[in-house]
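K.L.:
sequence unavailable; structure follows:
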């Protein structure tokens, strides 16, 4: 039986599991309202986008002239990054392709990465995270019981990408982040993966090893050094084309024999488990809701189809049993210990040191700089 305070948006499928959600008189949520009033203005799946993207690509080529690489792209084996890697080849760019192995790659991810690299004839630089440190950090997050369990992986991915870029004197990061499939995500469901202050404090409280090899990015590097001093820019080409997830998958299958994962972020065994079991069981967050809502807002899925998809099980019982056993074994704990972390009282990132106060100041400074320079300064890949 639904809680009497439960409400779902009349347009998308976000609901009151987002504690910050609000609705207008017609029952339309603030996520939909924001998409129409703000987000849509930054989305160009049309001729204008094609023109803007061509101009940006020309600038990337001009800046990187005479260098081995003119941009950098992270490759996870997921649909977004794989499709983007093929489009970058079509653009005639010369990317440094980086894959970060945090220890959770699925076999399909390895296959898809190999297919992309072979098809595009790219040089692939794989950075393998020190597993002992990664394991210790992953366990620290489980002990902390916070909502975003993907921070150890995500921070490592982006930190490695930026460090590679600086080392190779690359000014442009090509990101697969996109409005078409990722415009909705409740802020209350997560905390920024780039908050190294929070990451180190959670590890200080619950970890047992020193993080010697695991590299992080400070808030000053992220908001000041990279965009202003080093003058690095992040470009999201998928926001300047008619990016349709279903068509992208079909294209990848045809061109490189791409193999689907069956669910979003299936390229990482841990991320699949975190999103499809940990989050809904521990916090009541069904990660499908913001994803499906994004597809509704971009016109890629009807609300009726999204509701039907939400009726499907998040995990098949045998698959869940296998994944849980695999994750527990890899973390060197029992499945009972893993279950105990999930059933323990929920933690919150704000119980630990974080960047919030500094971020407010730097965000204000960034907004001022954007007005002065008359361009967006966005870092997150």
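P.N.:
Arrived safely, thanks for sending. Here the structure is a predicted model, which is why all the values come from computation and not from measurement. Numbering: from 1, shown residues only.
K.L.:
doesn't residue 215 fall inside a strand?
P.N.:
No - counting by DSSP: H, G, I helix; E, B strand; the rest coil, one finds residue 215 to be coil, located in no strand.
K.L.:
which non-adjacent residue is nearest it?
P.N.:
Using Cβ to Cβ, 6 or more residues apart in numbering and skipping residues adjacent in sequence, the residue nearest residue 215 is residue 159, 5.0 Å away. To be clear about C-beta, it is placed using only N, CA and C from the backbone, and glycine gets the same treatment.
K.L.:
does that neighbour count as helix, strand or coil?
P.N.:
Of the three states, residue 159 takes helix according to three-state DSSP.
K.L.:
roughly how far does it sit from residue 232?
P.N.:
Applying Cβ to Cβ, to the nearest Å, the value for residue 159 to residue 232 is 13 Å.
K.L.:
and these two? Which one has more around it.
P.N.:
Neighbour totals were compared for residue 159 and residue 232, and residue 159 leads with 22 against 19 (other Cβ atoms under 10 Å).
K.L.:
spit out the contact partners of that one.
P.N.:
Residue 159 makes contact with 215-217, according to Cβ atoms under 8 Å, 6 or more residues apart in numbering.
K.L.:
can you lay out the residues you listed as TSV showing pLDDT, distance to residue 64 and neighbour count?
P.N.:
Compiled in TSV, the contacts of residue 159 are given as follows (pLDDT from 0 to 100; distance: Cβ to Cβ, whole Å; neighbours: other Cβ atoms under 10 Å):
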residue	pLDDT	distance to residue 64	neighbour count
215	93	24	15
216	96	27	18
217	95	23	21
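K.L.:
tell me the one among those nearest to residue 143.
P.N.:
Of all the contacts of residue 159, residue 216 has the smallest distance to residue 143: 19.2 Å, by Cβ to Cβ.
K.L.:
which non-adjacent residue is nearest that closest one?
P.N.:
Leaving aside its sequence neighbours, residue 216 sits nearest to residue 196 (Cβ to Cβ, 6+ apart; 4.0 Å).
K.L.:
quick check: the one you found touching residue 214?
P.N.:
No - here residue 196 does not reach residue 214: they are 10.4 Å apart, not a contact under Cβ atoms under 8 Å.
K.L.:
burial of the residue lying closest to residue 270 once chain neighbours are set aside, as a residue count?
P.N.:
Distances taken as Cβ to Cβ, 6+ apart put residue 104 closest to residue 270, at 4.2 Å, once the chain neighbours are dropped. When neighbours are defined as other Cβ under 10 Å, residue 104 has 23 of them.
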